[in-house]
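S.K.: Here is a sequence together with a model predicted from it:
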Amino acid sequence: MNSNIQNKKTLSATDLAQFTGTEQWYRHSINRTVLYTDGIRYVAEHGQAYWLLDEIALIQPYDKSIAAEEFQVWKLEVQPDKTATLTCDDGNGHVVFSKEIPYTDFPLETITLYFANDVIHLPSEY
């Protein structure tokens, strides 16, 4: 049997509902001040989305409008043509950052992540 098929991982919204806390913290490989939870690691592995963690972690020290927000809500919305929009808001719906993603194979139509106290986590883990 082809090992690529066996190693193919999937992600669903139902999978994410199981995460209500974290047992372990993971440190971002480039921005070492940023941590993430078990749920976020699951998203990155099963959604092949370490790039999404990079988008959130790497902009923190460089964009003052984002860094000024103590609590950030990050939302990825994937369109049927596989383009996407990544936004960050202040938790009250005021968008402080938006980026068009020209292509993604992220398996969900939308996902929301929180960034607070230098930790990326799922809303259910907050």
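M.R.: In hand now; what should we look at? Note that the structure is a prediction, hence the values are computed from the model and not measured.
S.K.: What is the burial count for K64?
M.R.: Applying other CB atoms under 10 Å, we find 8 residues neighbouring K64. (Glycine included, C-beta is placed from N, CA and C.)
S.K.: Then Q24?
M.R.: Q24: 8 neighbours (other CB under 10 Å).
S.K.: again, but for P80
M.R.: P80 has 6 nearby residues by other CB under 10 Å.
S.K.: where along the chain do the helices fall?
M.R.: Counting by DSSP state H, the chain has helices at residues 3-7, 13-16, 38-46, 50-59, 64-67.
S.K.: Can you pull out the residues in contact with the last one?
M.R.: Residues from elsewhere that reach helix 64-67, judged by CB atoms under 8 Å, 6 or more residues apart in numbering: 59-61, 72, 88, 96-97.
S.K.: List the buried residues of it.
M.R.: Applying a neighbour-count criterion of 16 or more other CB atoms under 10 Å, one finds I66 buried in helix 64-67.
S.K.: got the CA coordinates for that helix in CSV?
M.R.: Output of helix 64-67 as CSV, limited to C-alpha atoms (Å, rounded to 0.1, in the frame of the first residue of the first chain):
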residue,chain,number,x,y,z
LYS,A,64,2.8,47.4,16.0
SER,A,65,-0.9,47.5,15.4
ILE,A,66,-1.2,43.8,15.9
ALA,A,67,1.3,43.6,18.8
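S.K.: From the chain's centroid, how far away is it?
M.R.: In terms of CA atoms, centre = their mean, to the nearest Å, the centre of helix 64-67 is set 17 Å apart from its chain centre.
S.K.: same deal with stretch 85-94?
M.R.: Worked out by CA atoms, centre = their mean, stretch 85-94 lies 13 Å from the chain centre.
S.K.: Span of it from start to end?
M.R.: Terminal residues of stretch 85-94 are spaced 15 Å apart (CA to CA, to the nearest Å).
S.K.: do the same with stretch 31-45
M.R.: In stretch 31-45, first residue to last residue: 19 Å (CA to CA).
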